[in-house]
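Undergrad: Need a 3D model of the sequence below.
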Amino acid sequence: MIGQVVAFSQTPNDPIKYFGTPKNMLLEFRLLSKRCSVIRNITVFTAEELDSAAAEPSHKTRYVLTGSSGCGKSFLLLQSVQYCLAKGWIVIYIPRAKTTVNSTTTHTYDLRTQTYLQPNYAQQTLRRILEVNSANLETLTLREGLNYDRRSFSSGTTLAQLASAGSKDAVISSVVLETLLNELSRQSKIPVLLAVDDFQAIYNQKTAYRDPHFSAIRPYHLAIPRFILEFASGKRSFPKGAILGALTAMDPAFPVTNELMDELNLPGLHPRSPYSKRSKILQEYARGLMNLPVPEEFSPREAASVFETWMRDNALSAPGNDELFLAKYTESAGNPKAFVWQGILGTLEGAAPVVNQNTPWPQLREGRIVVQ
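TA: Next up, the predicted model:
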């Protein structure tokens, strides 16, 4: 099994379809005839950890996937989502956590919780959770009634009905999402996986959102990031389940913070000292997170399987042989992303066009290009 390329199953509740994926992964899936990934040693280890987490509270299994850029953290996170869904878990997958803090959706202040709600994002999240987990949500019910803004839900209402109502009305979506998470954290029938990519974005001290005084809003004052932070820190927990996050180290707008690097024991680009600036609140939210390093390079067996997959999809302009494989594997130093994008797909570039200098008028040269 290790070293084999396996296609993701096309199911009616496909998490890739409804939750989405990071941009680079989406582009790869559009180029491939089938959406797939390679099984690595770290994939098997993560699956074993998730199997153990199926019977334990989520605060005991809180991993952050770390590693160099392009090592496969996002792919491993997606593999975990697919694995848990196949095992009958409820999965909540946020592939681009920076969209919760980059001020791309509306926000309103809520006096009840003294936080800023994100009704449109909550509405979208409820719709995605419902589409992927509808069968499981039909088996769970509200333990207590809910009344909000002239809408009432009696005890015994299924969580699928609750999520459906919230996904259709942005006014009640934030309260419905909060209630849904509360109910999931009180039931022990079905394990729950919360998987978050761009995990470091919610640990930055300031977001792109602004309050009425145009001051930056802290992530723990926004509803959606606060939910993630509370479950990631263990302040809230699912009776059965796990929390997985994946860092994106190459985002200058939302870099990996000192609080995360300290807790995960990561080296930084610049030296850190006890006098480096830190947030005590974010340190509390980062406490207890465990580092799960992803190998920085493919093994030859894994790379060979990926190479053969792209070769079968006619992604190589040069003859697919051992010499080409070893050349691209060496050029990329085994880095998964570089091996695919600069290595395999780099063969499609071909020779650059040359302008024909014999064209009489320069303005017509654009229409007369010869390829060597």
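
Undergrad: Now do the strands in this structure.
TA: Secondary structure of the chain by DSSP state E: the strands cover 5-7, 36-38, 62-66, 90-94, 108-110, 115-117, 146-148, 151-153, 192-197, 241-246, 290-293, 354-355, 369-370.

Undergrad: Parallel or antiparallel, list what pairs with the fourth one.
TA: Here the strand partners of strand 90-94, with direction, are listed using DSSP bridges: strand 192-197 (parallel).

Undergrad: distance between the partner strand and the chain's centre?
TA: Chain-centre distance of strand 192-197: 8 Å, with C-alpha atoms, centre = their mean, to the nearest Å.

Undergrad: Kindly report the same for stretch 115-129.
TA: 17 Å.

Undergrad: pLDDT on it, on average?
TA: Average pLDDT, stretch 115-129: 96.

Undergrad: List the buried residues for that stretch?
TA: 115-119, 121-129 (16 or more other C-beta atoms under 10 Å). Every residue, glycine included, has its C-beta placed from N, CA and C.

Undergrad: how about these in TSV, adding distance to T108?
TA: Shown next, in TSV, are the buried residues of stretch 115-129 (distance: C-beta to C-beta, whole Å):
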residue	distance to T108
T115	10
Y116	7
L117	5
Q118	8
P119	7
Y121	12
A122	11
Q123	13
Q124	16
T125	16
L126	17
R127	19
R128	21
I129	21
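
Undergrad: just those residues now: which is nearest G334?
TA: R128 (34.6 Å; C-beta to C-beta).

Undergrad: ok, how many other residues are close to the closest residue to that closest one other than its chain neighbours?
TA: Using C-beta to C-beta, 6 or more residues apart in numbering and skipping the chain neighbours, the partner closest in space to R128 is Y18 (4.7 Å). Close neighbours of Y18, defined as other C-beta atoms under 10 Å, add up to 15.

Undergrad: contacting residues for Y18?
TA: 127-128, 131-132 (C-beta atoms under 8 Å, 6 or more residues apart in numbering).

Undergrad: same deal with H59?
TA: 234, 237, 288.

Undergrad: Show me which of the residues you listed are buried.
TA: 234, 237.

Undergrad: Dump the contacts of H59 to JSON lines, plus distance to E28 and pLDDT.
TA: Below are these laid out as JSON lines (distance: C-beta to C-beta, whole Å; pLDDT from 0 to 100):
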{"residue": "G234", "distance to E28": "34", "pLDDT": "95"}
{"residue": "S237", "distance to E28": "34", "pLDDT": "96"}
{"residue": "G288", "distance to E28": "34", "pLDDT": "94"}
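
Undergrad: Run through the helices of the stretch 101-250 of the chain in chain order.
TA: 119-137, 159-168, 170-184, 223-233 (DSSP state H, counting those that start in this stretch).

Undergrad: Nearest to D149, out of the ones you listed?
TA: helix 170-184 (5.6 Å).

Undergrad: Return the set of buried residues in the closest one.
TA: Taking 16+ other C-beta under 10 Å as the criterion, helix 170-184 shows 170, 172-181, 183-184 as buried.

Undergrad: Can you check the distance spanned by stretch 286-294, start to finish?
TA: 20 Å (C-alpha to C-alpha, to the nearest Å).
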